[in-house]
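J.: Can you look at this prediction? I've put the sequence above it.
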Amino acid sequence: MASTNVNRGQGGAIDLTGLDNPNQENMLSRLRVPVKNTVENQENMNPKQSNRTVLGVLQNNQRSRSHLQRGAKQGATSQVLSCKNDDPGKGLAERAGNKQPAFQVHVDEPDGACAKKQVSKAKSPVENPLKLNPSVVRLRQPLATIEISMDLGFDSPMDMSVIEAEEKPSNTNEVSDYAAEIHKHLREMELKCRPKAGYMKKQPDITNSMRAILIDWLVEVGEEYKLHNETLYLAVNYIDRFLSSMSVLRGKLQLVGTAAMLLASKFEEIYAPEVAEFVYITDDTYTKKQVLRMEHLVLKVLSFDLAAPTINQFLTQYFLHQPVDNKVESLSMFLGELSLVDSDPFLKYLPSQTAAAAFVLANYTIARGSWSRSLEEVTGYSLEDLMPCVADLHETFLNAARHAQQSVREKYKGSKYHEVSLIEPPEKLFLN
């Protein structure tokens, strides 16, 4: 038997070239039989319907028999596709003649959907109108004014005053329960953080008058940036302790003061000024890098001991033990700051001694008072022990109006400090 060349071309077509003998013709006739049967079957099928159904109805008119058989098998096992005609005896032609489609896709509905549809159909098309409460929907009316007659002559819980009392800034040293322990600690620390009294004699290029100019300028800086008085006292302590150990040229003295004020602000203030602001107040004499390097040097020389007791802290302790008039307090603070300007002679006194002398002189000037027995017991200083410092401070008080540096006097001329810098100092002291 000759070989048959049956080649499939592109697209699945079959190439039948080379069929010359009768056997090959018989093979060709056998190949044509299923083709003929297929054509006859297609002629017996239902003609194509004109209308196309919607929602997933499948037309079987354009399907081959194999597709119909496959669909019939799936219809027997699947619950999704179901035959519309329930009689299995009816033929395909009879079913094809109906207007109903052969197969239809059913979509499962959630439970209770049919019940909801029936209930919705049973409802009346006209719903019952809402019964609105007139007290709710009516326009809002303003509340009636309630007048209460109250006799304010008696003790009333209502505060009718519009004057607010000025809040006094709290101080951590004003703790009566621990006053003795705090005072003892301050007395110990003032010995550790004390500058040398005669350091200015060893400075080759600066003098007491230059230091006074620097302190006077720092007073103005503190007022400009609303810094606490304690910040000024700390800065002066840092300067004196630094100059006690280091020789400084006059061109760098202001840089030392600026770095000391920056350190004191960081230690004491809640919102300390930025470094750029301290550079600005020097009129850009120094750069930011120079200020930071000097700050580092000051910290190194001071061994990072920044919590130094000051005159201001001891005055707070004395006011706590012996309450005095506000004017006496302001004058004591004024005298304490006057002692900062001149290093000679006040560096030879401890801050606790200078604060006690300021308290004695202010109390005598305003109220003709003196050093009380209770303060003597607390501090251990008798009036006789304080008299040398009181005499030096009294002389400074007398010469304050004629001093070259006037920033402290200008500061205490304001009503905040009861204008105590304008008070005339006593010519002589009669203390006993």
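T.: All right, it came through fine. Numbering: from 1, shown residues only.
J.: hey, where'd the strands end up in this protein?
T.: Shown for the chain, the strands assigned by DSSP state E span residues 7-8, 14-15, 81-83, 103-105.
J.: weakest of these by average pLDDT?
T.: Mean pLDDT values for the strands of the chain show the minimum at strand 81-83, a mean of 40.
J.: Least confident secondary structure element in the protein?
T.: Least confident helix or strand of the chain, by mean pLDDT, DSSP states H and E, is strand 81-83 with a mean of 40.
J.: right, and residue 349 touches residue 389 too?
T.: Yes: taking Cβ atoms under 8 Å as the contact criterion, residue 349 and residue 389 are neighbours in contact, 5.0 Å apart. All C-beta spots, glycine's among them, are computed from the backbone N, C-alpha and C.
J.: what residues are shared contacts of the two?
T.: residue 357 (Cβ atoms under 8 Å, 6 or more residues apart in numbering).
J.: Which one of these two is surrounded by more residues?
T.: residue 389 (24 against 21; other Cβ atoms under 10 Å).
J.: quick one: contacts for the more buried one?
T.: Residue 389 makes contacts with 346, 349, 353-354, 356-357, as judged by Cβ under 8 Å, 6+ apart.
J.: In space, what's closest to it - neighbours in sequence excluded?
T.: residue 357 (3.9 Å; Cβ to Cβ, 6 or more residues apart in numbering).
J.: same check, this time on residue 347
T.: Nearest one to residue 347, counting by Cβ to Cβ, 6+ apart, is residue 197 at 4.5 Å.
J.: again with residue 417
T.: In this structure, residue 417 finds its nearest non-sequential neighbour in residue 330, 4.3 Å apart by Cβ to Cβ, 6+ apart.
J.: What about the one you found, how many residues nearby?
T.: Using other Cβ under 10 Å, residue 330 has 21 neighbouring residues.
J.: was I right about it contacting residue 420?
T.: Yes: taking contacts as Cβ under 8 Å, residue 330 lies within contact range of residue 420: 4.6 Å.
J.: Quickly list what's touching both of those two.
T.: Listed as contacting both residue 330 and residue 420 by Cβ under 8 Å, 6+ apart are residue 412.
J.: still on that earlier bit, what is the burial count for the residue nearest to residue 347?
T.: Close neighbours of residue 197, defined as other Cβ under 10 Å, add up to 16.
J.: low pLDDT regions in the stretch 51-200 of the chain?
T.: Applying pLDDT under 70 to the stretch 51-200 of the chain flags the ranges 51-174.
J.: repeat that for 50
T.: The stretch 51-200 of the chain contains residues with pLDDT under 50 at 51-68, 72-97, 102-103, 113-117, 119-122, 152, 154, 156, 160, 162-165.
J.: Going by neighbour count, which residues of stretch 304-312 are buried?
T.: For stretch 304-312, the neighbour count (16 or more other Cβ atoms under 10 Å) marks 306, 308-312 as buried.
J.: And the average pLDDT for it is what?
T.: 95.
J.: same thing with stretch 393-410?
T.: 94.
J.: pLDDT score for residue 360?
T.: Here the pLDDT value assigned to residue 360 is 95.
J.: residues contacting it?
T.: Residue 360 touches 370-371, 383, 386, 390, 431, counting by Cβ under 8 Å, 6+ apart.
J.: Around the residue nearest to residue 239 when sequence neighbours are not counted, count how many other residues there are.
T.: The shortest distance from residue 239 to any residue other than its chain neighbours is 4.9 Å, reached at residue 260 (Cβ to Cβ, 6+ apart). The number of residues packed near residue 260 is 25, by other Cβ under 10 Å.
J.: heads up, I number from 430, so please use that
T.: Happy to do that; since the first residue is 430 now, the last one works out to residue 689.
J.: Just list the residues touching the closest residue in space to residue 820 that isn't next to it in sequence, thanks.
T.: Nearest in space to residue 820, with sequence neighbours left out and distances taken as Cβ to Cβ, 6+ apart, is residue 858 at 7.8 Å. Residue 858 makes contacts with 790, 793, 819-820, 823, as judged by Cβ under 8 Å, 6+ apart.
J.: and if we set it to 10 Å?
T.: Residues in contact with residue 858, defined by Cβ atoms under 10 Å, 6 or more residues apart in numbering, are 789-790, 793-794, 799, 816, 819-820, 823.
J.: before we move on, what about residue 712?
T.: Under the criterion of Cβ under 10 Å, 6+ apart, the neighbours of residue 712 are residue 683.
J.: And it, how far from residue 687?
T.: Relative to residue 687, residue 712 is positioned 11 Å away (Cβ to Cβ, to the nearest Å).
J.: now residue 752
T.: Taken as Cβ to Cβ, the span from residue 752 to residue 687 is 38 Å.
J.: Now intersect the buried residues of stretch 733-741 with the helices, please.
T.: Of the buried residues of stretch 733-741, the ones assigned to helices by DSSP state H are 740-741.
J.: And the buried residues of stretch 733-741, which is closest to residue 636?
T.: Proximity of those to residue 636 (Cβ to Cβ) peaks at residue 740, which lies at 23.3 Å.
J.: Surely the closest one touches residue 765?
T.: Yes: taking contacts as Cβ atoms under 10 Å, residue 740 lies within contact range of residue 765: 4.3 Å.
J.: Which neighbours do the two have in common?
T.: Contacts common to residue 740 and residue 765, judged by Cβ under 10 Å, 6+ apart, are 658, 662, 775, 780, 783-784, 786-787.
J.: Show me the helices in the stretch 680-829 of the chain, by range?
T.: Counting by DSSP state H, counting those that start in this stretch, one finds helices in the stretch 680-829 of the chain at the ranges 682-697, 704-710, 717-731, 740-750, 755-770, 772-775, 780-796, 802-808, 812-827.
J.: What residues sit buried inside the last one?
T.: Taking 16+ other Cβ under 10 Å as the neighbour-count basis, helix 812-827 is seen to contain the buried residues 812, 814-816, 818-819, 821-823, 825-826.
J.: what's the angle between it and helix 755-770?
T.: With axes from the mean of the first three to the mean of the last three Cα atoms, to 10 degrees defining the directions, helix 812-827 sits at 80 degrees from helix 755-770.
J.: Could you do the first one as well?
T.: Counting by the same axes, to 10 degrees, helix 682-697 lies at 140 degrees to helix 755-770.
J.: for the record, mean pLDDT for helix 682-697?
T.: Averaged over helix 682-697, pLDDT sits at 97.
J.: Send me it as CSV with only the CA atoms.
T.: C-alpha atoms of helix 682-697 as CSV (Å, rounded to 0.1, in the frame of the first residue of the first chain):
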residue,chain,number,x,y,z
LEU,A,682,37.2,89.8,77.7
GLN,A,683,33.8,90.4,76.1
LEU,A,684,34.0,87.0,74.5
VAL,A,685,34.5,85.4,77.9
GLY,A,686,31.5,87.4,79.3
THR,A,687,29.4,86.3,76.3
ALA,A,688,30.2,82.6,76.7
ALA,A,689,29.6,82.9,80.5
MET,A,690,26.1,84.5,79.9
LEU,A,691,25.3,81.8,77.3
LEU,A,692,26.2,79.1,79.8
ALA,A,693,24.2,80.7,82.6
SER,A,694,21.2,81.0,80.3
LYS,A,695,21.3,77.4,79.4
PHE,A,696,21.6,76.4,83.1
GLU,A,697,18.9,78.7,84.5
